[in-house]
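>>> coords please:
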Amino acid sequence: MTLELVIFIIVAAVAIFSAAFMLISRNAVHSALFLVVNFLCVAFFYLMLNAPFLAMIQVTVYAGAIMVLFMFVIMLLGAEKLSGEQAKFPWLVPMAVLLTTVFLVVAFIAIIQGRVGLLSPVPPQPQIRFVNAAAGMPAADVYLNNDEVARDVVYREPTDFKEVKPGEYTLSVFPACESSDQAVCANPVQTGVTPFLSGKVNLQGAADTGSTFVITGQSGGYQLVAVNTDLSPVTSDTGARLTALNALPGTTSASLVKPNIIFSTDPDRDTKAKFDPIVPDLSYGEAKTVPITAGTYDLNWQDAQNARIAPVDAFKVQGHTHELLILAPELTAGSTTTRPAVLRIDPGLRVHEEYGSPQQIGQVLFSTYLLPFELVSLLLLAAMVGAIILTREETVRRVRQRLVVAPLYHHPGVHVPANPRSVGTATASTETPME
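This is a model prediction of the structure:
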């Protein structure tokens with residue numbers, strides 16, 4: 001039995017017993033405090049699952065704000081304790097204790113026999129996507145062995161990341177099916193269609209890393225370049241990442257530089273520009289990732305002779321982002337010739353965000369669980385309103401009894417009827433007390 005499993009059992013026991021005491025306690029304040037303990041145990045479970053953001057939300061929202069609201073309502077209505085009336089179902093508490101005990105025993109046996117502490121984590125799966133950076137290349141479909149992994153990959157438009165099984169594959173790029181009905185499109189691998197390019201790739205999963213396959217070259221000479229894409233979050237508010245790729249055929253070396261204007265104080269010397277390299281000396285098919293600070297830049301791609309190849313004007317970088325710049329050819333208007341161009345590609349998101357991260361919570365909450373979440377919110381609101389109404393009626397009834405019955409016993413000379421409800425018929429004695 002590992003230390004993690006021991007801690008889990010202890011915290012789970014505290015959570016279950018606090019929930020049980022919350023239900024059986026006859027003091028509403030004590031029940032609320034037991035509920036806070038239960039919320040803290042749940043937050044600890046999130047920490048054990050490596051979800052600190054979700055744990056802090058649990059503490060801040062539930063153990064903090066919502067419990068303050070509960071305590072405010074309890075104190076406002078004066079419903080700290082339940083009435084002394086006999087419970088309608090006296091067997092309910094023993095039955096709940098019995099069922100809870102049985103559940104604890106069954107869960108303990110299942111955890112011990114299931115060897116939870118010895119389970120190995122699921123290894124990360126390879127995540128791949130494709131970018132068409134080949135000028136003049138029509139839309140393409142991409143296959144791994146006999147399975148289609150990307151459809152209609154057009155120039156400049158990246159595909160989404162897709163998770164595949166690790167292993168060695170034959171990657172083939174075929175002309176896209178032109179039929180609007182994809183069901184009638186035959187498998188080009190099985191029908192023997194000649195691909196644009198084909199080759200062997202070895203896909204292995206790595207944490208926070210994906211592979212971007214860029215199709216480069218020109219007609220008759222297409223190539224496939226694999227670029228490792230860092231999918232881990234950028235922690236700095238002003239930090240970002242920049243990946244530069246040289247996919248321009250015919251270039252031996254290219255550099256992404258930032259020009260700085262230097263003003264000379266000597267009137268006989270001219271103002272000149274100095275180039276600060278951002279990503280220097282990239283050979284054809286080579287990519288490199290560097291950190292960059294958020295801001296707006298005027299960048300240039302230049303060759304080995306410092307001649308400008310293509311400008312990147314007003315390049316705006318925001319914090320917590322990952323930019324991908326590709327130096328690639330593009331067709332000139334109305335011609336079949338190409339010229340250098342810069343493709344700015346959205347780096348995309350991983351298939352599965354880190355569990356408990358803000359991105360993962362937002363994507364799941366506002367897609368799959370949006371409607372159930374709103375329905376549960378309405379049910380909780382209705383339950384709270386109903387509890388307030390019922391508690392208010394009980395409090396008002398007790399206050400009325402105190403106001404009607406109690407004052408009669410503190411005034412001498414007032415006849416108290418046998419039935420307290422008939423106080424309206426009580427008459428004051430007219431006799432004068434003896435001196």
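
>>> point out where the stretch 301-435 of the chain drops to low pLDDT.
Confidence mapping of the stretch 301-435 of the chain against pLDDT under 70 gives the ranges 347-360, 363, 390-435.

>>> give the bridge partners for Thr293, please.
Gly239 (DSSP bridges).

>>> list the contacts for it?
By CB atoms under 8 Å, 6 or more residues apart in numbering, the residues touching Thr293 are Thr238, Gly239, Ala240, Val317. Every C-beta, even on glycine, is put in place using the N, C-alpha and C of the backbone.

>>> mind redoing it with 10 Å?
Thr293 is in contact with Ser236, Thr238, Gly239, Ala240, Val317, Gly319, counting by CB atoms under 10 Å, 6 or more residues apart in numbering.

>>> for Ala43, see how far away it is.
Thr293 is 35 Å from Ala43, where distance means CB to CB, to the nearest Å.

>>> type out the ChimeraX command that picks the buried ones from the contacts of Thr293.
Buried residues within the contacts of Thr293, by 16 or more other CB atoms under 10 Å, are selected in ChimeraX with:
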select :240,317
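
>>> is it possible to get JSON lines of the contacts of Thr293 that adds distance to Ser18?
Supplementary listing: these in JSON lines, determined by distance: CB to CB, whole Å:
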{"residue": "Ser236", "distance to Ser18": "39"}
{"residue": "Thr238", "distance to Ser18": "43"}
{"residue": "Gly239", "distance to Ser18": "42"}
{"residue": "Ala240", "distance to Ser18": "45"}
{"residue": "Val317", "distance to Ser18": "49"}
{"residue": "Gly319", "distance to Ser18": "41"}
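
>>> for Gly217, which non-adjacent residue is closest in space?
Closest residue in space to Gly217, ignoring its immediate chain neighbours: Gln223 at 4.6 Å, by CB to CB, 6 or more residues apart in numbering.

>>> surely that neighbour and Ser198 touch.
No: at 11.4 Å, Gln223 does not count as touching Ser198 under the criterion of CB atoms under 10 Å.

>>> how about Ser255, nearest residue that isn't a chain neighbour?
Leaving aside its chain neighbours, Ser255 sits nearest to Pro280 (4.6 Å; criterion: CB to CB, 6+ apart).

>>> do Thr289 as well
Of all residues not flanking Thr289 in the chain, Thr243 sits nearest, at 4.4 Å (CB to CB, 6+ apart).

>>> beyond whichever strand or helix holds Thr212, next helix or strand please.
Here Thr212 sits within strand 209-216, counting by DSSP states H and E. Following strand 209-216 in sequence order, the next helix or strand is strand 223-230 (DSSP H and E).

>>> that following strand vs strand 209-216, what angle?
Between strand 223-230 and strand 209-216, the angle comes out at 150 degrees (axes from the mean of the first three to the mean of the last three CA atoms, to 10 degrees).

>>> by contact count, what packs against strand 223-230?
strand 127-132, strand 167-175, strand 197-203, strand 209-216, strand 239-246, strand 287-293, strand 321-331 (3 or more CB pairs under 10 Å, 6 or more residues apart in numbering; DSSP states H and E).

>>> what's the most buried one of those strands?
Neighbour counts (mean count of other CB atoms under 10 Å) averaged over each of those peak at strand 127-132, with a mean of 25.

>>> any idea how far that one is from the middle of the chain?
With CA atoms, centre = their mean, to the nearest Å as the basis, strand 127-132 stands 22 Å off its chain's centre.

>>> likewise for stretch 152-170?
The chain centroid and the centroid of stretch 152-170 are separated by 23 Å, computed with CA atoms, centre = their mean.

>>> span of it from start to end?
With CA to CA, to the nearest Å as the measure, stretch 152-170 spans 19 Å from end to end.

>>> tell me the mean pLDDT over it?
Per-region confidence: stretch 152-170 scores 90 on mean pLDDT.
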